[in-house]
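J.: Predicted model, plus sequence, below.
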Amino acid sequence: MPQPTIAPRKPTQSPTLDSPLRGMTLKHVVESQQFTVPLLMELFERSRGMERVVARGGSLDYQNRIMTTLFYAPSTRTRLSFEAAMHRLGGRVLSTENAGAFSSEVEGEQLEDSIRIIGSYSDVIVVRHPEDCGARRAADVSPVPVINAGDGNGGQHPTQALLDLYTIYRQRPLDGLSVAIIGELDKGRTARSLAYLLAKFERVKMFFVSPPHLQMKADILSYLDEHGVRYELESDIDRVIGEVDVVYQTRIRPERVRDGKDLRSYAIDSTVLRRMKEDALILHPLPRTVELDKSVDADPRAMYFRQARNGLYVRMALLTMLLEQEQSAGNAWRLDTR
């Protein structure tokens with residue numbers, strides 16, 4: 001079968017440089033629900049600009065700003081993506097990847113106290129916390145912006161969902177999408193966060209594909225019901241794989257399935273590829289195991305490495321939105337993309 005060629009679409013949904021959407025601000029990034037469609041379009045416009053900033057070697061506009069990455073659980077990709085984003089903007093970074101073991105919390109210090117202190121050292125804090133409400137607790141007391149880099153075991157990972165959505169946006173319109181979200185969905189932070197974002201667009205339909213005992217939780221489904229978003233719960237990948245525009249594949253941990261057959265039933269390989277639409281997109285938040293075969297990498301529909309690269313641009317854009325304190329700083333990122 002001839003391989004399709006997928007080219008980035010023109011940014012028809014993006015506001016112009018003179019758009020009244022410019023100048024919208026964020027205080028913290030804690031959950032996907034806080035983003036409106038206009039705010040998403042502002043973020044995506046800035047992310048396009050950051051692609052050009054990186055292409056020319058970065059910027060020095062934020063050389064007097066400091067970002068702290070405070071990770072209570074390891075995540076090398078996410079942490080390095082944020083740190084690279086800050087360095088590309090000209091800023092500086094304070095970092096710890098195992099804050100639970102190498103901080104005063106070992107001796108009982110509360111997260112809130114840690115955040116108050118670290119906020120006096122830096123201009124923005126990126127936190128990954130093992131509790132579902134960890135990022136919210138941090139934001140409630142922080143003197144500087146807080147970004148949720150993943151919280152809990154079934155909480156949210158909003159910046160991952162933002163870069164996932166941006167990857168789709170760069171290829172096609174977001175309205176009218178059909179999306180299969182596959183994997184361990186009950187505790188899937190990225191899947192949960194993406195569902196909230198997709199729900200903001202018109203005529204979207206989601207298929208949640210998972211073993212029944214790992215299906216999406218009722219809180220997400222209630223949110224979709226409340227907002228009139230179409231979805232189906234499915235346990236057979238073959239029933240949906242040929243009709244969706246986007247396949248969002250996530251991990252299923254082997255210890256959470258009954259046997260190896262369950263795990264293989266939700267994997268994407270060359271056989272599954274042949275049943276997909278020729279212009280479908282394949283996304284994965286990574287890391288992967290057996291649920292995404294390496295043979296898929298060469299397929300032009302595979303977006304996951306591009307997806308990871310887009311994370312740099314989106315996180316750079318988010319940082320500019322959070323760090324802006326005055327109108328002149330708000331225009332700095334645009335000046336650097338000319």
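T.: Yep, it's here.

J.: buried ones in stretch 190-204?
T.: If you call a residue buried by 16 or more other Cβ atoms under 10 Å, then stretch 190-204 has these buried ones: 190-201, 204. In short, each C-beta sits where N, CA and C put it, glycine included.

J.: Pipe the residues you listed into TSV and attach secondary structure and distance to residue 49 per row.
T.: Formatted as TSV, the buried residues of stretch 190-204 follow (DSSP: H, G, I helix; E, B strand; the rest coil; distance: Cβ to Cβ, whole Å):
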residue	secondary structure	distance to residue 49
190	helix	25
191	helix	29
192	helix	29
193	helix	24
194	helix	23
195	helix	28
196	helix	25
197	helix	21
198	helix	24
199	coil	27
200	coil	22
201	coil	22
204	coil	26
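
J.: Now do stretch 113-127: distance from first to last residue.
T.: Stretch 113-127 has an end-to-end distance of 14 Å (Cα to Cα, to the nearest Å).

J.: can you give me the strands for the stretch 201-338 of the chain?
T.: Here the stretch 201-338 of the chain has its strands, by DSSP state E, counting those that start in this stretch, at 205-209, 230-234, 246-249, 281-283.

J.: residues in contact with the last one?
T.: By Cβ atoms under 8 Å, 6 or more residues apart in numbering, the residues outside strand 281-283 that reach it are 6, 164, 167-168, 171-172, 245-249, 268, 276, 296, 299, 301-304, 307.

J.: residue contacts, the residue nearest to residue 224 when sequence neighbours are not counted?
T.: With Cβ to Cβ, 6 or more residues apart in numbering as the criterion, residue 224 has its nearest non-adjacent residue at 5.3 Å, and that residue is residue 231. Residue 231 is in contact with 205, 206, 207, 208, 221, 224, counting by Cβ under 8 Å, 6+ apart.

J.: If you tally nearby residues, what's the number for the second one?
T.: Meaning residue 206. The number of residues packed around residue 206, counting by other Cβ atoms under 10 Å, is 26.

J.: Quickly note the distance from it to residue 321.
T.: As for residue 206, its distance to residue 321 is 27 Å (criterion: Cβ to Cβ, to the nearest Å).

J.: sorry, back to before: could you identify which of the strands of the stretch 201-338 of the chain is most buried?
T.: Across the strands of the stretch 201-338 of the chain, averaging neighbours per residue (mean count of other Cβ atoms under 10 Å) puts strand 246-249 on top, at a mean of 28.

J.: what helices or strands is that strand leaning on?
T.: strand 178-182, strand 281-283 (3 or more Cβ pairs under 8 Å, 6 or more residues apart in numbering; DSSP states H and E).

J.: okay, now the domains of this protein?
T.: Following the assignment in automatic domain parsing, the chain carries domains at 32-155+311-335, 172-302.

J.: Can you tell me which of those is nearest to residue 26?
T.: Residue 26 sits nearest to domain 32-155+311-335 of all the domains of the chain, at 5.0 Å, using Cβ to Cβ.

J.: Show me the helices in the stretch 51-200 of the chain, by range?
T.: For the stretch 51-200 of the chain, the helices defined by DSSP state H, counting those that start in this stretch occupy 76-88, 111-119, 134-141, 158-169, 189-198.

J.: Can I get those helices in a markdown table including mean pLDDT?
T.: Putting those into a markdown table (pLDDT from 0 to 100) gives the following:
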| stretch | mean pLDDT |
| --- | --- |
| helix 76-88 | 95 |
| helix 111-119 | 92 |
| helix 134-141 | 93 |
| helix 158-169 | 97 |
| helix 189-198 | 96 |
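
J.: Distance to residue 236 for those - can I get that in TSV?
T.: Shown next, in TSV, are the helices of the stretch 51-200 of the chain (distance: least, Cβ to Cβ, whole Å):
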stretch	distance to residue 236
helix 76-88	31
helix 111-119	42
helix 134-141	35
helix 158-169	24
helix 189-198	18
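
J.: mind checking which of these is nearest residue 253?
T.: Nearest to residue 253, of the helices of the stretch 51-200 of the chain and by Cβ to Cβ, is helix 189-198 at 13.4 Å.

J.: Tell me which other helices or strands the closest one touches.
T.: Using 3+ Cβ pairs under 8 Å, 6+ apart, helix 189-198 sits against helix 158-169, strand 178-182, helix 218-226.

J.: Any chance of a markdown table for the ones you listed, columns mean neighbour count and distance to residue 290?
T.: Converted to a markdown table, those look like this (neighbours: other Cβ atoms under 10 Å; distance: least, Cβ to Cβ, whole Å):
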| stretch | mean neighbour count | distance to residue 290 |
| --- | --- | --- |
| helix 158-169 | 25 | 21 |
| strand 178-182 | 24 | 13 |
| helix 218-226 | 13 | 26 |
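
J.: Turn the ones you listed into JSON lines, columns for distance to residue 286.
T.: Putting the helices and strands packed on helix 189-198 into JSON lines (distance: least, Cβ to Cβ, whole Å) gives the following:
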{"stretch": "helix 158-169", "distance to residue 286": "10"}
{"stretch": "strand 178-182", "distance to residue 286": "14"}
{"stretch": "helix 218-226", "distance to residue 286": "22"}
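
J.: quick one, which of the ones you listed is nearest to residue 121?
T.: Nearest of the helices and strands packed on helix 189-198 (Cβ to Cβ): helix 158-169, 21.8 Å.

J.: Report the angle between that closest one and helix 189-198.
T.: 60 degrees (axes from the mean of the first three to the mean of the last three Cα atoms, to 10 degrees).
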